[in-house]
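Trainee: mind looking at a prediction? Sequence and model below.
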Amino acid sequence: MRSILAFLILITPLSGIAQPDKSLSTRDLYRKTDTLITMRDGVRLYTIIYQPKDNSTAYPILMERTPYSIAPYGDTNYRRSIGPNTGLMREKYIFVYQDVRGRYMSEGESIEVTPHQPNKKSGKQVDESSDTYDTVDWLLKNVANNNGKVGLYGISYPGFYASAALPEAHPAIRAVSPQAPIGDEFIGDDVNHHGAFCLMDNFNFINYYGKERKGPVADYGSGIFNIDSKDMYDFFLKLGPVKNTQSKEYFNHSVPVWNEYLLHDTYDQYWQSRNITQYLKHIKIPALIVGGWFDAEDLYGALHTYQSLEKGETANQTKLVMGPWVHGAWASREWKQFATHDFGSNTSQFFQDSIETPFFNYYLKGKGELALPEATVFETGINKWKKYQSWPPPETNKMAWYLRSNNKLSAEIPGPSEAYDEYLSDPAHPVPYTSGFYGYRNNDFIVEDQRFAAV
């Protein structure tokens, strides 16, 4: 759920942090500074800056803003690897990490997927766009040897922060890559899928994410409550209605985000205001949108972020990449297979070397040529990357398929007597999503043989 590297790795395999490369030493190549940057309303955000020790040239800034901690904290404590991938680390950028407002070591109040506020009237009206703007402005004025160009990236929730920086963006922002970004939490991302509440994922996620803090903290500690279940289907069946999650053993009405989730069970103003895609209009900043065909969390966000940026635009520089990945797998060092599928090549390495690194190098360093098509898409049936000059491809034909008798699909419209089917929905015996017994989400369910559910 929204990429917490330290949280149930089978639920969220990667957080957008480049996988460590033992041949590289961050400490040897970079010097580190921890600082607080003051926003327009006076709130200070904890920020860590890694600057190349080689100061013979000016470098662009590449930044990730996250609610998941930018640890390790302290000028003498270094990450083993920095940046979206080790290729960009070798290239040398000024890498910046920031705890967003109200999370970990930053001041302020955390708001769930902060609603964008267009047409701000005062410095007291703030959102992720303004916080990014103020951060970029400070960095340009206070970090030596920067070349005046800034890039943003992030996977999942950090992907949302990358998207949210685009409306009213700072002019120094020259390239942005929202990867598996949260687009609309109710319609298709994370919290609800087409209005269906993703109970298991959110229950586990908010147990970690929703823990209260009294002020800036380096570590939130353990979750709100402990669950020792190896069969979450059985756990929720015994728990009963979702309102029982508010019992004393669990959230106990004390976690604001969980209260909001349960209170807003329709697509009301709460969710509508958090749909960042509605504000992604007339954006000219080059954007690289990345998603995975097997992403159980934010497949919707990637495709609809791209769609929103493209709508009505002919002169933008938005590109789409869709690969055979689960949530965030493109940031791994190797991704050659998933479940029973072998893709015949290292798809994540291809993305990092042939797309992501050239994208940032071109727009932030003016280095090399960039000949990316409109869409670079992996076709799993033939295990090949396909390039398209528009998306969806112009030769695509939409077809409507209908479920007919004997569980057959047909392009023929059914007659009046075949226009519906019916089944008994028994809350006491809900259909499992997977055939196994798991204490966490089984990522393989997306490609799992589901015939067990037919008996």
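Mentor: Cool, the structure landed.
Trainee: all contacts plus neighbour counts: C-alpha atoms, from now on.
Mentor: Will do.
Trainee: now residue 192: phi and psi?
Mentor: Per-residue torsions, residue 192: phi -130, psi 140 (degrees, to the nearest 10).
Trainee: tell me the spacing between it and residue 232.
Mentor: Distance of residue 192 to residue 232, given as Cα to Cα, to the nearest Å: 18 Å.
Trainee: what's the answer for residue 323, then?
Mentor: 30 Å.
Trainee: who has more neighbours, the two?
Mentor: Using other Cα atoms under 10 Å as the criterion, residue 323 and residue 232 rank with residue 323 on top: 23 against 17.
Trainee: gap between that one and residue 153?
Mentor: For residue 323 relative to residue 153 (Cα to Cα), the value is 17 Å.
Trainee: with residue 340 instead?
Mentor: Residue 340 is 31 Å from residue 153, by Cα to Cα.
Trainee: and those two? Which one has more around it.
Mentor: Shown here are residue 340 and residue 153; by other Cα under 10 Å, residue 153 has more neighbours (27 against 9).
Trainee: poorly predicted segments of the stretch 301-450 of the chain, please.
Mentor: Within the stretch 301-450 of the chain, the ranges that satisfy pLDDT under 70 run 419, 421.
Trainee: ok so residue 207 is a helix residue?
Mentor: Yes. Assigned with DSSP: H, G, I helix; E, B strand; the rest coil, residue 207 falls within a helix.
Trainee: ok, it touching residue 224?
Mentor: Yes. Between residue 207 and residue 224 there is a contact under Cα atoms under 8 Å: 5.3 Å.
Trainee: now do the shared contacts for those two.
Mentor: residue 251 (Cα atoms under 8 Å, 6 or more residues apart in numbering).
Trainee: and the most centrally placed residue in the chain, what pLDDT?
Mentor: In the chain, the centroid-proximal residue (Cα atoms, centre = their mean) is residue 156; its distance is 0.9 Å. Listed pLDDT for residue 156 reads 97.
Trainee: next, give phi and psi for it.
Mentor: Taking degrees, to the nearest 10 as the convention, residue 156 sits at phi 70, psi -120.
Trainee: and it, how far is that from residue 296?
Mentor: Distance from residue 156 to residue 296, by Cα to Cα: 11 Å.
Trainee: shared neighbours of those two, anything?
Mentor: Contacts common to residue 156 and residue 296, judged by Cα under 8 Å, 6+ apart, are residue 327.
Trainee: what is the burial count for the closest residue to residue 405 other than its chain neighbours?
Mentor: Among residues not flanking residue 405 along the chain, residue 418 sits closest, at 7.4 Å (Cα to Cα, 6 or more residues apart in numbering). Other residues lying near residue 418 total 11 when counted by other Cα under 10 Å.
Trainee: residues in contact with the lengthiest helix in the chain?
Mentor: Longest among the helix segments of the chain by residue count, using DSSP state H, is helix 128-142. For helix 128-142, the surrounding residues in contact (Cα under 8 Å, 6+ apart) are 37-40, 114, 116, 146, 148, 150, 161, 164-170, 172.
Trainee: let's go with 7 Å and repeat that
Mentor: By Cα atoms under 7 Å, 6 or more residues apart in numbering, the surrounding residues in contact with helix 128-142 are 37, 39-40, 114, 146, 148, 161, 164-170.
Trainee: just to check, the residue nearest to the centre of the chain is in contact with residue 179?
Mentor: Yes. Counting by Cα atoms under 7 Å, residue 156 does reach residue 179; the two are 6.4 Å apart.
Trainee: related to what we said a few turns ago, any buried residues in the longest helix of the chain, and which?
Mentor: With burial defined by 16 or more other Cα atoms under 10 Å, the residues of helix 128-142 counted as buried are 128, 129, 130, 131, 132, 133, 134, 135, 136, 139, 140.
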